[in-house]
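1. Requesting a structural model of the entry that follows:
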Amino acid sequence: MKRTVAAVIMLLFFLLSCCAYAEIKPAYPILFTYYRQIGWGDRVEVGYIDSQGELWGLSGYDSQLHWPYSTDAQFMFLQENQFKNLGKLGHDDLFDLKSLINAVEVFDGKTSHTANDAGIERTYAIRYSTEGEPEFILLGMSGDNMFENPDPNAQGLYLAVHRMFPNVTHYAGLMGPSGFIPVSLTSFCHLGDLNGATVKAFYMDCEGGPVERELSADEQAKILYTVMNSVVTGKVSAADTTGGYTDYGFYKGEEYLGHISIYNEYCYHSDGMYSIEIRK
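-> Have a look, this model is predicted:
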């Protein structure tokens, strides 16, 4: 009995220790963006997202903040200085961001000079090695100098960061990245001419496999209209899935024209999820 009680006490101590460790386990930066004014002042604006989805911001004058110039020093600054908490991402949004960071490619393209005295904004993803060493992937730069990483993962991350940190100055047009250029859904999925096509739908169940959905003539017409008038607007996730999506196949008689897969209103493609919208 004593051994049993002692074992229970030790188990409780172990569980409490694990809980305490989980509470104090530090978060680490995974994305950051900053703007530095040059020429007309010394304004600095910084925002970053940590591994637990917390959003942090800081702004002020460089003469007081002393925002570093090297990415290594900036990385240390993010962890050693006090930032204002700006909110927290939901579980799904954080999962999608991390999937894009894991998949983003490094691009070694050159920067181009675009303006004078507009300041410079830079945005980075941070990926960690198994040893915990950070790798900084430049996603985009705007202002006096412009740089764009053309990888769809990078474009999705750059857009997401600036939606989350609207108070960090960045530039568009000729002074900033163009971003993902919208393309028709039919072109993106390499579909043939869908006029007069019929549609077959299969819900892909994780455990049960494909389950055919019966579609009425009106439902088929609505699907065709939506697909033929939709555009792909950008990448939102690099995650893969074994089910939970609907596969739509298109036919003219016995001729197979292609298919699209829809997961939670996203186009599920071979490399992840893309946002779509109707333009007509």
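2. Low-confidence bits of this structure, can you list those?
-> 1-25 (pLDDT under 70).
3. At the geometric centre of it, which residue sits there?
-> Residue closest to the average C-alpha location in the chain (C-alpha atoms, centre = their mean): Leu97, at 3.7 Å.
4. what about that one, distance to Ala172?
-> 21 Å (C-beta to C-beta, to the nearest Å). In this view, the C-beta of every residue, glycine as well, is placed from N, C-alpha and C.
5. List phi and psi for the residue nearest to the centre of the chain.
-> phi -60, psi -40 (degrees, to the nearest 10).
6. For Glu54, give the beta-bridge partners.
-> Beta-bridge pairing for Glu54 (DSSP bridges): Lys88.
7. That one and Leu94 touch, don't they?
-> No: using C-beta atoms under 8 Å, Glu54 is not in contact with Leu94, being 9.7 Å away.
8. that older thread, nearest spatial neighbour of the residue nearest to the centre of the chain, skipping sequence neighbours?
-> Residue nearest to Leu97 in three dimensions, not counting chain neighbours: Ala160, with 6.5 Å by C-beta to C-beta, 6 or more residues apart in numbering.
9. can I assume that neighbour sits in a helix?
-> Yes: checked against DSSP: H, G, I helix; E, B strand; the rest coil, Ala160 lies within a helix.
10. residue boundaries of the helices in the protein?
-> Ranges of helices within the chain are 2-24, 62-65, 71-80, 91-103, 152-164, 185-188, 217-228, based on DSSP state H.
11. Pipe these into CSV and attach distance to Ala238 per row.
-> Output for the helices of the chain, formatted as CSV (distance: least, C-beta to C-beta, whole Å):
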stretch, distance to Ala238
helix 2-24, 27
helix 62-65, 34
helix 71-80, 23
helix 91-103, 4
helix 152-164, 6
helix 185-188, 16
helix 217-228, 23
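12. No more questions from me, cheers.
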